[in-house]
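Asks: generate coordinates for the sequence data below:
(2 chains)
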Amino acid sequence: MKRTIILSIIVLFTTLVFSFAAEDEYDSDLFDIPDDVVTEAEESGSFTEETFSLYGYLVNFLAIDFIYDGDEFDTSYVGNISYLRLKGDWNPGENLSFHAEMSYDAKLGNQNPTMLFEHYGILSAGYQADFPRGDFIQTFNFDHFYGKMSIWRFDLQFGKMPIAWGTGYAFNPTQKVSLVPFMNTITEETPGTYGIAPAFSLFPGYAIEGYAAFQDKSHKTTSAIEDGDWNNLPYGIKLKGNIGSFDLSLSWIKEVLYAETAHTRSYYAGMDFAGGIWDVNVYGEAVVNLPRNSDDSAFDFEGHEAKDLLEACAGFFYTIPVIEADARCEYYHQGNGVTDMKEYNVLDYLSGEKILMGEDYLFLYLDKTFLDYYKVSAGAFFNLNDGSCALIPVISYDMYANFQVELGSTLFFGKKGSEFYGEYDLSFMGSTIIDMVQPLVYLKCKLSF
Amino acid sequence: MKYMVKMIIITILVVICVSFLGAETEDALSIIRKMEEMHSTDSSKAELTMIVYPDVYNKDDNRQFKVLSYGKGEEDSYMVFLSPKTIKGLCILSRGDDQWVFFPSTGRVRKIAGQSRKKSVQGVGGDFTYEDLGSGKYEEKYTFTMLESSKDQWVIQGNPKAADSSYTKIIIYVNKETYLTDKIEYYTEEEGHYKDLIMKEVKKIGGRLMPSRIIMANLYKESMTVILTLNAEYDIEIDDKYFDPARFYK
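Replies: Coordinates of the predicted model:
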C-alpha cells in the first residue's frame, strides 16, 4: 500500500513537473509557415515601386434617417452615396513623381443636398427646373494632380494638391487653405488646392516650408476679377524641427476667404507640436489672428480680446493597457465662435465660413480592435457652451485585405436651440424652421483596388 | 622522447582548454555587439513580403503586404507599403526611438510616441509593433546577462533600460557558428512569455548571410506575422531624404 502511495506521488509529481515545463513551451508546428504561401510569394519574384500605377477605392454609403418629433420617431428617409476615388502615380525617377486623384460621386435620396435644400425651402421648390442642363445628382472632380521634384535639399510640389498642416485629428486650426469636411464618414481625403509648395531642408529634421495658393479657402466655383488681386493670394510659411521627442513648428499664415460677396483676409501666427510624455502621445496646434484696421493697411489690436483671437486645439492619445483600447481626447477653442446659442448664425455654416458655430468643443474617441480586423469605436463631439453632443458609434470589419464593411450611426443630443439639436429659424430667407441634423444609421462598404 | 610526447600532449590539452574557456568567458555584451555587427550595414534596401495570420489555427485566413525597406546605419530605417492598395504609399520612418508615419489618404505625417509605439501599424495589424519595427542598438535599450551557453547557442537575457519599454525582458538565442540571432523571446508584465521572433532559412541574400524568413509568433493571441526577404542589396547609395523626418514623405 505504502509503495503504491509513494509510486502515485512520484507519478503525480513527475506529471506536474512536465506539465509546468510544457506550459512555457508551445507546439512549434503551430507557427510554421505553409509552404504554398512561401512558394507563391517567392515565385512572385522581385518587386520595386511601379513606374505607373492606377488604384483607388469605391464606397457605397447607404443611409436611413429618422425624423424625431420629440416623442417618437416619425417619418424616415433613405438615401445612398456612391463614391469612386481613382488614383494614379507616375514615378519616372527617384526624385520626380506625378500623382493624380479623381473623384466621382452620386448622391441620392436623403443624401442629396439639393433635394434637402428644396425640402427645407432654402432653395425654391422646382429650383432644379431652372437649370435644365444641370446635374443635381452627380459630381465629378479632379481633386488632386500635382508634380513633385527634389534636388539636393530642396523639394517642390506644384499643381492641385492637399495642403494638410497641423497635428490635430478632429480639428486643424493651422489649416487655412481649404475647408475640411466635418464628420465626413465617406472619405478622409484632404481637398486639393491649386498652388505651389516649396520646402528646404536646413539640416536633418529641420526644414523651412511653405505654400502659395491660387484660390481662396472657399474653393468657390465662380471667377471674379478680384481673384487676381495680389492681396487675395493666400500663403503660409513654416519653420519646423525636432527637439528631443517632440516635433515643433512655427508658422505665419495668410488666409483669404470669399464669403457672401467679398474676399476677407486674415493673418495668423501659428505653432504646432506633437510628441510623447511618458506613455501618452500629446499634440496641439494654435493660431492667433492678428487683426487688421478697417482699410487693411496695418495690424490693429484695439477692441480685440486675446481669447477671441485664438484658435487652438490640444489633445492626447493613450492606449489603455488592460483593455488594449485606444482613447483620444481633443479640446478645441474657436475664438471667433459664440457662447450664446441665440447668436448662432447658420449662414456662417452654410457659406462654409465656419464648420462649427460655438467657441469650445471637446472630442472624445475610443476604439478597440479584435483579431486585427474587427473594430468597435465611438466618437463624440461636445459643444461645451450649449451642452449639445454628436455621437458616432461604428462597428467595422476588414473582411478582406481590400474590402471593408462598416455599420455606424450619427446621433445628436441637446436642448432646443443648441448646435447639435440642429433646428434653425430661416424665416428671413423665406424658409421656416429647418432641422439640419437627423439621427442616421448607415451601412458603408469600401472596396479598394 | 616519452617526456617530450607527454609535454606536447599536455600543451595541446592546455591550449584547447584555454581556448574553450576563452569562448565561454566571452561576455554577453560582446556577443550582442558581434551579433549586431553581423546584422549591421552602412545601408540596405530590401523587398519584403509581410504575411499576417490573425489566427494560427486558420492559416487560410491571411493578409499579404509588399514592403520596400531601406536602412542606413543602425539607427535609421524607412519602410514604404506598396500593396495592398488600401494602404499603398503608407511610409514609416524610424530614427532610433523616434518614429513618424505618413498617411497618404490624409496627406499628414503623424509622430508615433508613448503607448502608440506598442501598437501594430494602423491598417496593417499583425504582431510587429512600431517599436519592433524600429531601429537602434540593442545595447542602448537593454542590459545583458548570460543565461546559458550550449554547444550551438548562447542564451542571453536583456533587461530594458527604459521604464516605458513594451517588454519586461527579452531572451536572445545567438547562434555560435554564425553570430546570427536564432530566436528572441519577448516577455511582458501581464502576459509573461508573450511572443517569439524566430529566424529561419539562413541563406546568402545580396551577398550576406541572412535569415530569409522571420516569424513573429504571438503566443498570447495565437497569431503570427511572417516577413519573407525576397531580395536585398547592401552598402548601396540611398538618398538621405528618406531618413529625414521633415522630408521622407516628399
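Asks: low-confidence stretches in the chain?
Replies: No chain was given, so I picked chain A. Along chain A, segments meeting pLDDT under 70 span A:1-26, A:28, A:45-46, A:68-74, A:428-432.
Asks: not quite, I wanted chain B
Replies: In chain B (pLDDT under 70), the answer is B:1-26, B:114-115, B:135.
Asks: so which residues of it form helices?
Replies: Counting by DSSP state H, one finds helices in chain B at the ranges B:2-24, B:28-39, B:130-133, B:138-141.
Asks: list the buried residues in the last one.
Replies: Put plainly, it is helix B:138-141. B:138, B:141 (16 or more other C-beta atoms under 10 Å in any protein chain shown). All C-beta spots, glycine's among them, are computed from the backbone N, C-alpha and C.
Asks: can I have it written out in PDB, keeping just the CAs?
Replies: Extracted as PDB, the C-alpha positions of helix B:138-141 are listed here (Å, rounded to 0.1, in the frame of the first residue of the first chain):
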ATOM      1  CA  TYR B 138      20.200  46.600 -28.500                       C
ATOM      2  CA  GLU B 139      22.800  47.800 -26.000                       C
ATOM      3  CA  GLU B 140      21.200  51.200 -25.900                       C
ATOM      4  CA  LYS B 141      17.900  49.700 -24.900                       C
END
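Asks: list the contacts of it.
Replies: Residues outside helix B:138-141 that contact it (C-beta atoms under 8 Å, 6 or more residues apart in numbering or on different chains): B:29, B:32-33, B:36, B:96, B:144, B:158, B:160-162, B:165, B:172.
Asks: gap between that helix and the chain center?
Replies: In terms of C-alpha atoms, centre = their mean, to the nearest Å, the centre of helix B:138-141 is set 12 Å apart from its chain centre.
Asks: looking at chain A, which residue is nearest chain B?
Replies: residue A:276 (2.7 Å; C-beta to the nearest C-beta).
Asks: ok, now which ones touch the closest residue to that residue other than its chain neighbours?
Replies: For residue A:276, ignoring the flanking residues on the chain, the nearest one in space by C-beta to C-beta, 6 or more residues apart in numbering or on different chains is residue B:113 at 2.7 Å. With contact set as C-beta under 8 Å, 6+ apart, residue B:113 has these partners: A:245, A:274-276, A:281-282, B:98-99.
Asks: mark which of those residues are buried, thanks.
Replies: Buried among the contacts of residue B:113 by 16+ other C-beta under 10 Å: A:274-276, A:281-282, B:98-99.
Asks: columns distance to residue A:50 on top of the residues you listed, output as TSV?
Replies: Putting these into TSV (distance: C-beta to C-beta, whole Å) gives the following:
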residue	distance to residue A:50
A:274	32
A:275	35
A:276	35
A:281	34
A:282	38
B:98	30
B:99	26
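Asks: ok, so of the residues you listed, who is nearest residue B:229?
Replies: Comparing the buried ones among the contacts of residue B:113 against residue B:229 with C-beta to C-beta places residue B:99 closest, at 21.5 Å.
Asks: what is the burial count for the nearest residue to the closest one once chain neighbours are set aside?
Replies: Leaving aside its sequence neighbours, residue B:99 sits nearest to residue B:112 (C-beta to C-beta, 6+ apart; 4.1 Å). Using other C-beta atoms under 10 Å in any protein chain shown, residue B:112 has 25 other residues around it.
Asks: residues of the stretch 1-150 of chain A that sit close to chain B?
Replies: By the rule C-beta under 8 Å from any C-beta of the partner chain, the part of the stretch 1-150 of chain A lying against chain B is A:24, A:26, A:30-31, A:33-34, A:37-38, A:41-42, A:44-50, A:53, A:55-57, A:94-95, A:148, A:150.
Asks: swap the cut-off to 7 Å and go again
Replies: A:24, A:26, A:30-31, A:33-34, A:37-38, A:41-42, A:46-47, A:49, A:55, A:94, A:148, A:150 (C-beta under 7 Å from any C-beta of the partner chain).
Asks: of these, buried ones?
Replies: Of the residues of the stretch 1-150 of chain A next to chain B, these count as buried by 16+ other C-beta under 10 Å: A:31, A:33, A:37-38, A:41, A:47, A:55, A:148, A:150.
Asks: now, the residues you listed that are in strands?
Replies: A:55, A:148, A:150 (DSSP state E).
Asks: so who does the second one touch?
Replies: This means residue A:148. A:97, A:157, B:250 (C-beta atoms under 7 Å, 6 or more residues apart in numbering or on different chains).
Asks: for residue A:276, see how far away the first one is.
Replies: As defined by C-beta to C-beta, to the nearest Å, residue A:97 lies at a distance of 32 Å from residue A:276.
Asks: quickly list what residue A:374 is bridged to.
Replies: Beta-bridge partners for residue A:374, by DSSP bridges, are residue A:370, residue A:397.
Asks: nope, residue B:71 is what I was after
Replies: With DSSP bridges as the rule, residue B:71 is bridged to residue B:44, residue B:77.
Asks: residue A:57 and residue A:445 touch, don't they?
Replies: No. The criterion here is C-beta atoms under 7 Å, and residue A:57 misses it with residue A:445 at 10.3 Å.
Asks: which of those two has more neighbours?
Replies: Regarding residue A:57 and residue A:445, a neighbour count based on other C-beta under 10 Å identifies residue A:57 as having more, with 20 against 14.
Asks: count the neighbours of the closest residue in space to the more buried one that isn't next to it in sequence for me.
Replies: Setting aside the residues directly before and after it, residue A:57 is nearest to residue A:448 in space (C-beta to C-beta, 6+ apart), at 4.4 Å. Using other C-beta under 10 Å, residue A:448 has 19 other residues around it.
Asks: where does residue A:348 fall, phi/psi-wise?
Replies: The phi/psi pair for residue A:348 (degrees, to the nearest 10) reads phi -60, psi -40.
Asks: need the contact list for it.
Replies: Listed by C-beta under 7 Å, 6+ apart, the contact partners of residue A:348 are A:354, A:357.
Asks: check contacts around residue 42.
Replies: Answering for chain A, as no chain was given. By C-beta under 7 Å, 6+ apart, the neighbours of residue A:42 are B:228, B:230.
Asks: the chain in question should be chain B.
Replies: So residue B:42 contacts B:73, B:235 (C-beta under 7 Å, 6+ apart).
Asks: if we use 8 Å, what do you get?
Replies: B:72-73, B:234-235.
Asks: measure residue A:132 to residue A:42 for me?
Replies: Distance from residue A:132 to residue A:42, counting by C-beta to C-beta: 61 Å.
Asks: take the contacts of residue B:42 and keep only those in strands.
Replies: Using DSSP E, these in strands are B:72, B:234.
Asks: of the contacts of residue B:42, buried ones?
Replies: B:72, B:234.
Asks: dump the contacts of residue B:42 into a markdown table; add distance to residue A:108 as well.
Replies: As requested, the contacts of residue B:42 are exported to a markdown table (distance: C-beta to C-beta, whole Å):
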| residue | distance to residue A:108 |
| --- | --- |
| B:72 | 52 |
| B:73 | 56 |
| B:234 | 56 |
| B:235 | 58 |
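Asks: roughly how far apart are the closest residue to residue B:235 other than its chain neighbours and residue A:253?
Replies: Sequence neighbours aside, residue B:42 is the residue nearest to residue B:235 in space, at 4.9 Å (criterion: C-beta to C-beta, 6+ apart). As judged by C-beta to C-beta, residue B:42 and residue A:253 stand 41 Å apart.
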